[in-house]
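Trainee: Any chance you can model this:
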Amino acid sequence: MKKDILICGDSLKIMQQIPDKSVDLIFADPPYFMQLKKTLVRPDTSTVAAVNDDWDKFQSIEAYDLFTQQWLSEAFRILKDTGSLWVIGTYHNIFRVGYYLQNVGFWILNDIVWHKTNPMPNFKGTRFTNAHETLIWCTKEPRTKYTFHYESMKAFNEDLQMRSDWTIPVCHGPERIKNNCGKTLHSTQKPEALLYRIILACTNPNDIILDPFVGSGTTAAVAKKLGRHYIGIDKQKAYIEYAQKRLKSTQYGDKSYLNPTIKQLPHKIAFGDLVAQNVILPGTALYDAAGENKVIVCADGSLKRGKDQASIHQMAARIKHCLACNGWTFWHIRKGQKLFPIDILRENVKIKDSSIKSGVVK
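Mentor: Predicted coordinates:
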C-alpha cells in the first residue's frame, strides 16, 4: 500500500482498495448535507461563503444515510484493531453519523466539542450563533489497546488534564487557502491546531493516517509535520492540486523531538528506606526552606520536634497548619551553607535488582 500520497477520486471506491487493518488512525470530515435552499446574505448585502458545494449535495436523506453507512463500514475494515477513528460534523449530520458508526461496530470513547472563538454570526437573528462542531472519537472494540498519549496531552495543556472542550479559532488569515481568484478554496477548511491535537494524542511517529475527505490537505500537512505517514482522498481535483502544493512547502518534523511524552513513574522509595540504607543517618537535622523550623531524623524514618514525632509529611503539615503537605519538598538537608530538598536524596538513589544503593547530595 502506497503512503504519503493524495488521491483524486471517489472516496468510497478508493477505500475499498485499501487492505484490511492497514491504517492507524482515520480522521474524517464528511459532507455535512446542509442542503441550503437560499443564498446567505449579510446585513451589508454581501454574500456569505457558505457550504453549498456540489460535494455536499445528496438526492435525499436516505442517500446520505447509505453513503454514511458505506464509508464507515470501509473505515472499520481498514482500521487496525489498535487504531481509532475521529469524525467531525455539525448538528446537520453528526447525530446521523454517530448512529451509523455505532451500527457498524465502533465503540465511542469521547465526544469533543470544538468551541470556535470566531464563529460566523447568525445574520438573521433567528437562532443561536452556531459556535461549535462536534468530534466523535472511537475504537473498534470496547477493550482495544488503542493509542492515547495522556501525558503528552497533559503537558500540552500546562500539566492539566486535557478536557473534552477545545477552544480553537476557525481557520482564518494566512492559513486559509485561497484559489487563483483570491476566493476561499474550501468552505470547511479545518485549522491545523485542531488536527495537531488529534494526531499528537492518538498516533506515534511513522503511523499511517487516512483522511477519506482530505479537502485542502490539513490532515496530511499536520501528519507530515509530526512525522506520520498520510493517505488523503478527495474527488475534487482542485482541492487535491492545492493540497499537493501545500504539502510541498510543508517540512517533515525533526523526529528527534516527535516522540510522545513517556510517563516516568517515581521510584517507590519510603523515607525510612533512605535511613535504613544510611543515605541519611538518624540524628540528622532537617529544616524548612527558610531554615527556621528544625527537626531531627529518627531511626524509624519519623521526624522529632520537641515532644512531637511524626512522618515527614505529617510533621510538615503540622508546621504549616494544613491538612496535607509533601514532606519530600518541604524538608531540606544542610550541606555546607546551602539547604537542599530531601527529595534530591531520593532522586540520587538508583534501584537495581530490587535493592537500594546509596547516593550522595551534589
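Trainee: from the chain's centre, how far out does stretch 291-298 sit?
Mentor: Its chain's C-alpha centre and that of stretch 291-298 lie 44 Å apart, by Cα atoms, centre = their mean, to the nearest Å.
Trainee: Only C-alpha atoms, please: export that stretch in PDB.
Mentor: What follows is stretch 291-298, C-alpha atoms only, in PDB (Å, rounded to 0.1, in the frame of the first residue of the first chain):
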ATOM      1  CA  GLY A 291      15.900  27.300  57.800                       C
ATOM      2  CA  GLU A 292      13.500  28.400  60.600                       C
ATOM      3  CA  ASN A 293      11.900  25.100  61.600                       C
ATOM      4  CA  LYS A 294      14.300  22.300  62.700                       C
ATOM      5  CA  VAL A 295      13.500  18.600  63.200                       C
ATOM      6  CA  ILE A 296      15.600  15.500  63.900                       C
ATOM      7  CA  VAL A 297      15.500  12.300  61.900                       C
ATOM      8  CA  CYS A 298      14.700   9.200  63.900                       C
END
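Trainee: Which residues outside it are in contact with it?
Mentor: Stretch 291-298 is contacted from outside by 275, 280-287, 303-305, 309, 315, 319, 331-332, 334, 339, using Cβ atoms under 8 Å, 6 or more residues apart in numbering. Where C-beta positions appear, they are placed from N, C-alpha and C, glycine not excepted.
Trainee: Produce a ChimeraX select command limited to the buried residues of the residues you listed.
Mentor: Here is the ChimeraX command that selects the buried residues among the contacts of stretch 291-298 (16 or more other Cβ atoms under 10 Å):
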select :275,280,286,287,303,315,319,331,332,339
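Trainee: Take the contacts of stretch 291-298 and keep only those in helices.
Mentor: 275, 315, 319 (DSSP state H).
Trainee: quick one: which of these is nearest to residue 83?
Mentor: residue 275 (49.4 Å; Cβ to Cβ).
Trainee: separation between that closest one and residue 296?
Mentor: 12 Å (Cβ to Cβ, to the nearest Å).
Trainee: repeat for residue 121
Mentor: Taking Cβ to Cβ, one finds residue 121 at 68 Å from residue 296.
Trainee: Next, give phi and psi for residue 164.
Mentor: phi -90, psi 10 (degrees, to the nearest 10).
Trainee: What about it, how many residues nearby?
Mentor: 10 (other Cβ atoms under 10 Å).
Trainee: so who does it touch?
Mentor: Residue 164 touches 110, 111, 112, 113, counting by Cβ under 8 Å, 6+ apart.
Trainee: Contacts only, for the second one.
Mentor: Applying Cβ under 8 Å, 6+ apart, one finds that residue 111 lies in contact with 134, 135, 136, 137, 164.
Trainee: Quick one: distance of the one helix or strand the second one maps to to the chain centre.
Mentor: Same thing as residue 135. Residue 135 belongs to strand 132-139 when assigned by DSSP states H and E. Distance, stretch centre to chain centre, for strand 132-139: 12 Å (Cα atoms, centre = their mean).
Trainee: Would you list the strands that that strand pairs with, along with their directions?
Mentor: Note on strand 132-139: by DSSP bridges, its sheet partners are strand 79-89 (antiparallel), strand 107-116 (antiparallel).
Trainee: Centre of the chain to the edge, which residue is at the far end?
Mentor: Largest separation from the mean C-alpha position in the chain: residue 307, at 51.7 Å (Cα atoms, centre = their mean).
Trainee: and the gap between that one and residue 64?
Mentor: Computed as Cβ to Cβ, the residue 307 to residue 64 distance reads 78 Å.
Trainee: neighbours around residue 75, how many?
Mentor: For residue 75, the neighbour count with other Cβ under 10 Å is 24.
Trainee: Can you tell me the SS state at it?
Mentor: helix (DSSP: H, G, I helix; E, B strand; the rest coil).
Trainee: for residue 130, same thing?
Mentor: Quick answer, by three-state DSSP: residue 130 is coil.
Trainee: For the protein, which residues score under the pLDDT cut-off?
Mentor: Residue ranges of the chain with pLDDT under 70: 34-56, 123-124, 186, 262-268, 347-362.
Trainee: so residue 269 makes contact with residue 343?
Mentor: No. Counting by Cβ atoms under 8 Å, residue 269 sits too far from residue 343 to count as a contact (10.3 Å).
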